[in-house]
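Visitor: Got a predicted model here, sequence first, then my questions.
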Amino acid sequence: MVKQTIQIFARVKPTVRKQQQGIYSIDEDEKLTPSLEIIVPHDLADGFVNNKRESYKFKFQRIFDQGANQETIFENIAKPVAESVLAGYNGTIFAYGQTGSGKTFTITGGAERYSDRGIIPRTLSYIFEQLQKDSSTIYTTRISYLEIYNECGYDLLDPRHEASSLEDLPKVTVFEDPDQNIHLKNLSLHQAATEEEALNLLFLGDTNRMIAETPMNQASTRSHCIFSIHLSSKEPGSATVRHAKLHLVDLAGSERVAKTGVGGQLLTEAKYINLSLHYLEQVIIALSEKHRSHIPYRNSMMTSVLRDSLGGNCMTTMIATLSLEKRNIDESISTCRFAQRVALIKNEAVLNEEIDPRLMIIRLQKEIQELKDELAIVTGEQRTEALTDAELLELEKLITSFLEDQDPESRLEVGTDMRKIHHCFHYLKKLLNDKKIHGKSTVSSEIKDQDCQEPLKEEEYKKLRDLLQQRDNEISILSEFNGMGRGRRQRKGGEEGRQPRR
Ligand SMILES: Nc1ncnc2c1ncn2[C@@H]1O[C@H](COP(=O)(O)OP(=O)(O)OP(=O)(O)O)[C@@H](O)[C@H]1O
């Protein structure tokens, strides 16, 4: 588990007019936590005598001044997050700032020059480069692109997007499972095997993105957009799969409604944007306060979707985009204040590992087969097939000789092969039934008969002994009679040294 507070960075958009200089300064002396000082010009102060503060200082992990290019932003902000995603952790990078401050430029990039590519295309490029290098792991990359417009979710990769108006498209809805995991219904996931495929999905989504114009920004995006890269990885032969999500979030502008000077549809949009940003702020405030048990994630779609990114299982980074011009001072201070609160939020990122049940079954089946093979080696038998006719015949011969063996200690040796043991029982049962039903003479019945003859043998033995005694007597008489007393044999009881004739 990695415990980390949300990392906050500031990026200052290049100003057009030189006169804007002197509004802010960056203190790089404090190397570890540089600070940004915003100076409120005197002419903005209310009235002749006032107690208004003249400057505000805010600390950030790093502050990127006007000269910072897209490569620097990627290397310092996005690359470390992409690396943790490759290692199996969830990551989020979100850009927050007023309209026209450079959120889209930072997250997606500018369309004019290749070097203006933003965090999304550079991250895709970096991730696919790393995946290609690592041949020891199997990776699957899927992309989703969600737009939240007026508090409704839309799938920017829905192929019907171009043909249908926004209202006719199925809305993406949020639902929570019993384990409080958030799922998005109607949001498609597209597999991308290469960087090119992933970039095509980004371009498709950007084309479908809701664009409206306001007097303040001629190409101002009026919706929140979440480009997500879902990365699954597994080692060959392993049933453990790692899942990591990287959300790259371009929030709608945070300017105040009054300042935009819009009405009608655009006013409605601005209200929704302000409301959802207000709910985001509520969540941030609740999270930054200690001992708050309830966090109002459910108030808006955006906070529900970003639930894990805010105070959950995620490594999150915020980029405060600032357009530090005189007229934007208030907005810039407000953006920085928001960032300071965000910096207090602690996240706990864990490795998202799970056992794939499909792979687990395959692994267990393999294990069973291995055990069967092992057992077969131990018993010397192939246990998976039915016994052959030859094996059955052999076994029956073995049973017959066992039954015929008069030695009470004799054993029927069939090994540990359960098929043979079962067959022995069946065969014995069959023999007994045959005897009972048909009175057939069987090996066992013959043995029984032999057992019954035992007393007869004893009788015969007695008879023979008597006969021998009689013969002995006769010989003695004859010897005496013929004067052959020397040849007379000495016998105890007339039986010693003689074997009865059978
Ligand atoms: N760092 C930068 N370098 C050069 N041009 C920039 C930079 N940041 C922003 N711009 C330019 O400023 C204009 C407004 O920027 P962008 O559209 O990114 O703002 P935004 O914050 O996304 O606005 P909105 O909230 O309306 O979506 C664009 O023309 C963009 O190319």
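Guide: Structure received.

Visitor: Only C-alpha atoms from now on, for both contacts and neighbour counts.
Guide: Noted.

Visitor: Pull out the buried residues from the longest helix out of those in the chain.
Guide: The helix that spans the most residues within the chain, counting by DSSP state H, is helix 454-482. Across helix 454-482, burial judged by 16 or more other Cα atoms under 10 Å covers 464, 465, 468, 472, 476.

Visitor: Adding distance to residue 176, write those out as TSV.
Guide: Putting the buried residues of helix 454-482 into TSV (distance: Cα to Cα, whole Å) gives the following:
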residue	distance to residue 176
464	100
465	101
468	105
472	111
476	116
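
Visitor: Check which helices and strands the longest helix of the chain sits against.
Guide: With contacts taken as 3 or more Cα pairs under 8 Å, 6 or more residues apart in numbering; DSSP states H and E, helix 454-482 sits against no other helix or strand.

Visitor: And the average pLDDT for it is what?
Guide: Taken as a whole, helix 454-482 has an average pLDDT of 72.

Visitor: hmm, back to that, among the buried residues of helix 454-482, which two are most distant?
Guide: Of all pairs drawn from those, the widest gap by Cα to Cα lies between 464 and 476 and measures 18.0 Å.

Visitor: Just confirm residue 116 contacts residue 102, I think it does.
Guide: No. Checked against Cα atoms under 8 Å, the pair residue 116 and residue 102 is beyond contact range at 11.8 Å.

Visitor: And these two? Which one has more around it.
Guide: residue 102 (25 against 16; other Cα atoms under 10 Å).

Visitor: Next up, phi/psi of the more buried one, please.
Guide: phi 110, psi 20 (degrees, to the nearest 10).

Visitor: how near is it to residue 252?
Guide: 11 Å (Cα to Cα, to the nearest Å).

Visitor: Residue 54 now?
Guide: 29 Å.

Visitor: So between the two, which is more surrounded?
Guide: residue 252 (27 against 12).

Visitor: helix, strand or coil for that one?
Guide: For residue 252, the secondary structure call by DSSP: H, G, I helix; E, B strand; the rest coil comes out as coil.

Visitor: Which phi and psi values does it adopt?
Guide: Torsion angles, degrees, to the nearest 10, at residue 252: phi -70, psi 160.

Visitor: Nearest spatial neighbour of residue 303, chain-adjacent residues omitted?
Guide: Closest residue to residue 303 in three dimensions, ignoring its sequence neighbours and counting by Cα to Cα, 6 or more residues apart in numbering: residue 297, at 5.1 Å.

Visitor: count of residues packed around the one you found?
Guide: By the criterion of other Cα under 10 Å, residue 297 has 20 neighbours.

Visitor: who's in contact with it?
Guide: For residue 297, the contacting residues are 283, 303, 304, 307, by Cα atoms under 8 Å, 6 or more residues apart in numbering.

Visitor: make it 10 Å
Guide: Residue 297 makes contacts with 279, 280, 282, 283, 284, 286, 303, 304, 305, 306, 307, 310, as judged by Cα atoms under 10 Å, 6 or more residues apart in numbering.

Visitor: Pull up the gap between it and the ligand, please.
Guide: Distance of residue 297 to the ligand, computed by Cα to the nearest ligand atom, to the nearest Å: 23 Å.

Visitor: At the geometric centre of the chain, which residue sits there?
Guide: The chain has residue 354 as the residue nearest its centroid, 3.0 Å off, counting by Cα atoms, centre = their mean.

Visitor: That one contacts residue 88, correct?
Guide: No. Judged on Cα atoms under 10 Å, residue 354 makes no contact with residue 88 at a distance of 11.3 Å.

Visitor: who touches both of the two?
Guide: With Cα under 10 Å, 6+ apart as the test, residue 354 and residue 88 both reach 241, 242, 243.
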